[in-house]
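[1] generate a structure from the sequence data that follows.
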Amino acid sequence: MSASFGEPRRPPGTRAAARRTSQRVARGSLWRTVVIAALVALWPAVGTALQAGFTGPGERPLVVGSVPSIPTPSPTVSPTADAAPTPQPAIPVSVLSDSHAYFAASWWRQTVEANAIEGVSMGAFASQPGAVADTIASGLDEAAAAAQNGYVLVQAGTNDLLAGSSPARAASDIQSLWAGVRDRGSTPIAVLVPPSSEVGAEVIELNLLLAGAARADGIAILDVYTPVAEAGGGWQAGTSDDGKHANIEGATRQANEVLAQLPGILAGRLGQLTPVP
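    Reported below is the predicted structural model:
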């Protein structure tokens, strides 16, 4: 047997196994290189696919590699109800009068006192049965104070005429009542004198004087005379039981005129619906 120098020779079976192992290692290295290269090449597409998988319809798309930006939701605007109209304060109205406003079914009680006029509140009820204008003046403070710078309905004159006063004198005394209301910070409204079966002609003259003076002074006129008066200044049939005061029928006619006229007067429209006779 000859001697051999160098690495001893491995048996044939050992050499074949070594070659196969080396080939597997080489192939493994090659595949790793191919896979890595493919991943590098395909990474943008993979990123896009991942993005598409997490972006639903209507959502804001993300930019690969950026910090996700969440859209700020728009503030929800709740529909607001129409603003309720600001309630207007009621206009206080007082009455300064004789018995024509006093009795239970009077034009005053059926309207202002009954709260039958929208936007109007009752002030003072300064009504004195049987009183003349000079006596009625004692209620000026009460009527004006309760009106709170509003309005005072002034009605007088019947008892003045029945007591013998002339229409001119009665008109002057009633004008003094208007001035007293104004002096106390309220606004007078001239209420015409109702008919009379005793002094009808004088009532007509007095009302003409009052209407002229009121127009000259810029004072509104509330006409409760016309709806119940006949041509001579007396009461229409069925509107008075005693010839001096309205009955239920007469007072209701007068009240209807107050309901028709007073809102316009308070709105600044002076005058009355029908001419003063």
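[2] got the contact list for stretch 175-188?
    Here stretch 175-188 makes contact (C-beta atoms under 8 Å, 6 or more residues apart in numbering) with 94, 96, 133, 136-137, 140-141, 143-145, 147-152, 154, 156, 190, 213-214, 217, 219. For glycine as for every other residue, the C-beta is placed from the backbone atoms N, C-alpha and C.
[3] one more pass at 7 Å, please.
    96, 133, 136-137, 140-141, 144, 147, 149-152, 154, 156, 190, 213, 217, 219 (C-beta atoms under 7 Å, 6 or more residues apart in numbering).
[4] could you dump that stretch to CSV, C-alpha only?
    Extracted C-alpha coordinates of stretch 175-188, given in CSV (Å, rounded to 0.1, in the frame of the first residue of the first chain):
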residue,chain,number,x,y,z
GLN,A,175,-110.8,120.4,28.5
SER,A,176,-109.3,121.0,31.9
LEU,A,177,-109.6,117.3,32.6
TRP,A,178,-107.6,116.6,29.4
ALA,A,179,-104.9,119.0,30.5
GLY,A,180,-104.8,117.4,33.9
VAL,A,181,-104.2,114.0,32.4
ARG,A,182,-101.4,115.4,30.3
ASP,A,183,-99.8,117.3,33.2
ARG,A,184,-99.6,113.9,35.0
GLY,A,185,-97.7,112.2,32.1
SER,A,186,-100.5,110.3,30.4
THR,A,187,-102.5,110.8,27.2
PRO,A,188,-106.2,111.7,27.3
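[5] what are the buried residues along that stretch?
    Across stretch 175-188, burial judged by 16 or more other C-beta atoms under 10 Å covers 175, 177-178, 180-181, 186-188.
[6] tell me which entries of the residues you listed lie within helices.
    The members of the buried residues of stretch 175-188 that map onto helices under DSSP state H are 175, 177-178, 180-181.
[7] between the buried residues of stretch 175-188, which is closest to L209?
    Relative to L209, the closest of these is Q175; by C-beta to C-beta it sits at 9.1 Å.
[8] measure the closest one to G130 for me?
    21 Å (C-beta to C-beta, to the nearest Å).
[9] and if you look at V224?
    Per C-beta to C-beta, V224 is found 19 Å from G130.
[10] neighbour count: the two, which is higher?
    A count of neighbours by other C-beta atoms under 10 Å puts V224 above the other of V224 and G130, at 30 against 12.
[11] for that one, what are phi and psi?
    V224 adopts backbone torsions of phi -110, psi 10, taken as degrees, to the nearest 10.
[12] ok, now E249?
    Dihedral angles (degrees, to the nearest 10) for E249: phi -60, psi -50.
[13] ok, it - how many residues close by?
    Counted with other C-beta under 10 Å, residues neighbouring E249 total 16.
[14] ok, it - contacts?
    E249 neighbours (C-beta under 7 Å, 6+ apart): 238-239.
[15] now do it, the pLDDT please.
    Predicted confidence (pLDDT) for E249: 98.
[16] that one and A101, how far apart?
    E249 is 17 Å from A101, by C-beta to C-beta.
[17] got it, and V154?
    10 Å.
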